[in-house]
Structures are given as structure tokens and as C-alpha cells.
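# return atomic coordinates for the entry below.
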Amino acid sequence: MKTIFILILIFLLFTSGCGKVSESALDEVVLLDPSFKEALETKSRIDAEILTLKNDFSKEEGVATQKMRELRENLKLSQEAMSVKIISLRQEIAPDINALGGNLEEVHEAYKVKKKYLKSAMSKLKSIKDLLNKKGELSLPGNEISVWDKRATKLEKEINSVKQSLDQLRTKIRILKIELKILQQ
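Residues are numbered from 1 along each chain as shown. Down below sits the predicted model:
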């Protein structure tokens, strides 16, 4: 009997190919091997459970996908609200930044003016020293040499004062730039 059953199954496999087994072939197998009906019922039950599991999973997947869509939308709305709030908060510091920027420009201009004055004063001092070095050749009277010496001394004091002032302005410029950078971060 087993041999017949095996032959029938082999025959059915060759004749059916890769497709499904026809209803008549199933009936024939059950007719020739009634014990196979139990395996068919088990397979049918398993197929039904698998289908139920797949359907349940599909429903869960749909619910999860919808939740993810909602979460993404909520996250996007939160991000937009955060961006608006950040812009608003940064605008609170804008007047301080603008004031520092204006102050920096003023100090920078003062620095340029002092630097230009220093260059001019140093040029004058050089001319006076050159004149004093040639006092013998020019036969300058003593009182005129004294006047030029006083001018040179006065210019040297002014130059030292301007150099100190430039150092202070450089420091102030550096500090203002750092302050601006801090507020703009």
C-alpha cells in the first residue's frame, strides 16, 4: 500500500509541476490513503493560523506606521516651534550686539586717527633730529638749537603718550571683538 501511495505522490508531483495540487488529485490521494486526511486537516489548520498571524501583523504594522507618521509630524511641528523661539530669543540680544559693533567701529576709527598722528609725529621727530645732527653744518644759533631740542623732547613725550594710547585701543578692540564673538555664538 505504501508503494502505491509513494507512486501516486510522485506521479502527482510530476504531473502538477510547480503549481498547486488540483482538488481532484487531493480527493484521489485521500481516497487511496485515508490517513493522509489527518495531515491535510493539520496543514489546513496551520495555514489558517499562519494567515491569521499575518493579518494580525499587517494590522499592527499599519497602526505602527500611522503612529510613526504622527510622531514624525509632531516632531516636525516641534522643530518649527523651536526654530521660531530660537529666532525670538536671539533677537533679544541683537541690540547688545549692535551696540558692541558700533562701539568697535568707533574705537577702530580712533585707533586709525592716532596711528596716522603717530606716523606724522615720528616723521616730524626724524626731521628735527636730522636737523639737529646737521647743526654744525647749518651754523644754527644756540637759541634756535634750544627751541628745536625742546620741540624734539615735546614730540618724544607725545609719541610715547600716543603709543600708550594705541596699546590701550588695541586691547579695547581685541576685547570688543571677543565680546562680539561670544554674543554672536
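# ok, how many other residues are close to S78?
Counted with other Cβ atoms under 10 Å, residues neighbouring S78 total 10. In this view, the C-beta of every residue, glycine as well, is placed from N, C-alpha and C.
# oh sorry, the question was meant for V29
V29 is surrounded by 19 other residues when neighbours are defined as other Cβ under 10 Å.
# what packs against the helix or strand harbouring it?
For V29, the element it lies in under DSSP states H and E is helix 23-32. Helices and strands touching helix 23-32, by 3 or more Cβ pairs under 8 Å, 6 or more residues apart in numbering; DSSP states H and E, are helix 2-16, helix 36-133.
# try 6 Å
Identification of packing neighbours for helix 23-32 by 3 or more Cβ pairs under 6 Å, 6 or more residues apart in numbering; DSSP states H and E yields helix 36-133.
# what angle do the helix holding V29 and helix 36-133 make?
Here helix 23-32 runs at 130 degrees with respect to helix 36-133, directions being taken by axes from the mean of the first three to the mean of the last three Cα atoms, to 10 degrees.
# rounded mean pLDDT for helix 23-32, please.
Looking at helix 23-32 alone, the average pLDDT works out to 85.
# centre of the chain to it, how far?
Here helix 23-32 shows a centroid-to-chain-centroid distance of 70 Å under the convention Cα atoms, centre = their mean, to the nearest Å.
# can you offset everything so residue one is 434?
That works, and once the first residue is 434, the last one we named lands at helix 456-465.
# export it to PDB, keeping only CA atoms.
Once non-C-alpha atoms are left out, helix 456-465 reads as follows in PDB (Å, rounded to 0.1, in the frame of the first residue of the first chain):
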ATOM      1  CA  GLU A 456      -8.800  19.300  -6.000                       C
ATOM      2  CA  SER A 457      -9.300  16.000  -7.800                       C
ATOM      3  CA  ALA A 458      -5.700  15.000  -7.100                       C
ATOM      4  CA  LEU A 459      -6.300  15.700  -3.400                       C
ATOM      5  CA  ASP A 460      -9.500  13.600  -3.500                       C
ATOM      6  CA  GLU A 461      -7.700  10.800  -5.100                       C
ATOM      7  CA  VAL A 462      -4.900  10.800  -2.500                       C
ATOM      8  CA  VAL A 463      -7.400  10.800   0.400                       C
ATOM      9  CA  LEU A 464      -9.300   8.000  -1.300                       C
ATOM     10  CA  LEU A 465      -6.200   5.900  -1.700                       C
END
